[in-house]
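**Q** With the sequence up front, the predicted model follows.
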Amino acid sequence: MLPEMKERRLRTISCDGESIYSKVLVSKNCAFIESSLTCGIMKKFLPITQRTSEGVGILIKKLYDLKRTIYVGIGGTLTCDIGYGMLKALNVECSSYEGTNILKDSKKSRMYSLLAGIADVNSPLEGEYGAVMYLKQKRATTAEIKRIKNLLCKTSRTLNACNMKHAGSGGGLGLAMTLAGGRVADNFDFIDLSIGVKKRIKEADVVIVNEGAFDLQSKKGKLTGRIVEEALRQKKKAVIIAGGFNETPRGALEIKVKEPQKPSRENYIRNFYCAVKKTKELLYG
């Protein structure tokens with residue numbers, strides 16, 4: 001069970017270097033940081049090579065006291081700096097590629113052994129299915145994607161991190177957590193340990209998940225994909241409600257939420273409830 005947590009607001013920076021306050025959860029024995037509340041916020045547009053994960057490092061440093069474990073939820077970032085900003089904020093010796101904020105090399109530290117990243121995907125740093133797979137949704141240009149893909153491969157080889165599971169999560173934050181002396185845990189395993197997801201699936205008749213688009217990324221370790229995978233493994237009926245589908249697991253049922261003709265909050269909600277109604281009809285007739 002999770003301990004009683006208190007919410008705090010700490011000053012840090014967004015991925016474009018702007019001063020912001022970020023919410024964290026703190027108890028006597030642990031603290032939780034959500035990387036998207038710093039690395040996923042951009043007040044002024046910057047090229048992706050100039051964005052930074054320093055905000056996460058600032059929060060870690062403020063909360064780290066050698067007594068409590070610091071959990072960092074890795075996901076929803078607009079960065080791909082391989083954690084260079086975070087490591088720099090933590091005073092880990094590291095360097096970046098000239099003209100960028102992208103990690104080139106780093107010495108491995110032992111300073112932050114109580115640091116634990118919770119990865120949203122199991123992707124490695126390098127390769128077609130590594131961190132580069134998520135660059136388009138972070139508004140990177142075609143030229144930037146080509147350049148960063150090359151740099152990710154170089155850093156991966158330099159740091160002997162080729163094919164390292166979870167290393168590419170959060171634009172390389174997964175790898176940076178280990179370089180700081182911490183570890184990276186799988187999101188599904190962490191949630192299962194906390195609230196017993198596998199047991200809840202076992203007790204359920206039907207498992208329903210909702211995601212904007214269920215695609216290849218969902219099958220690369222994202223929580224919704226893992227839940228569907230586990231439900232099918234347990235021979236449960238699995239239903240996916242999403243705006244688009246690609247790579248749907250065999251045996252899962254699809255319910256598509258249609259794009260409204262006139263985009264608005266109300267129309268999206270209306271179309272979502274239409275999908276929910278279809279789900280009820282599918283299950284109960």
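**A** Cool, the structure landed.

**Q** Where does residue 32 sit: helix, strand or coil?
**A** Reducing the assignment to helix, strand or coil with DSSP: H, G, I helix; E, B strand; the rest coil, the entry for residue 32 is strand.

**Q** Near it, how many residues? Count them for me, please.
**A** A total of 19 residues lie near residue 32 under the criterion other CB atoms under 10 Å. Any C-beta I mention is one placed from the backbone N, CA and C, and that applies to glycine too.

**Q** That one: what's it in contact with?
**A** With contact set as CB atoms under 8 Å, 6 or more residues apart in numbering, residue 32 has these partners: 5, 24, 25, 26, 71, 72, 73.

**Q** which residues does it bridge with?
**A** The bridge-partner assignment for residue 32, based on DSSP bridges, gives residue 25, residue 71.

**Q** Next one: it from residue 249, what distance?
**A** Distance, residue 32 to residue 249, using CB to CB, to the nearest Å: 30 Å.

**Q** Same check on residue 52?
**A** Residue 52 sits 36 Å away from residue 249 when distances are taken as CB to CB.

**Q** Looking at those two, which one has more neighbours?
**A** Counting neighbours by other CB under 10 Å for residue 52 and for residue 249 shows that residue 52 has the greater number, 26 against 15.

**Q** Surely the more buried one is in contact with residue 84?
**A** Yes. Counting by CB atoms under 8 Å, residue 52 touches residue 84, with 7.3 Å between them.

**Q** Now do the shared contacts for these two.
**A** Among the neighbours of residue 52, those also in contact with residue 84 (CB under 8 Å, 6+ apart) are residue 101.

**Q** On the pLDDT front, check residue 278 for me.
**A** pLDDT, residue 278: 82.

**Q** now it, nearest residue through space, not along the chain?
**A** Closest residue to residue 278 in three dimensions, ignoring its sequence neighbours and counting by CB to CB, 6 or more residues apart in numbering: residue 255, at 5.3 Å.
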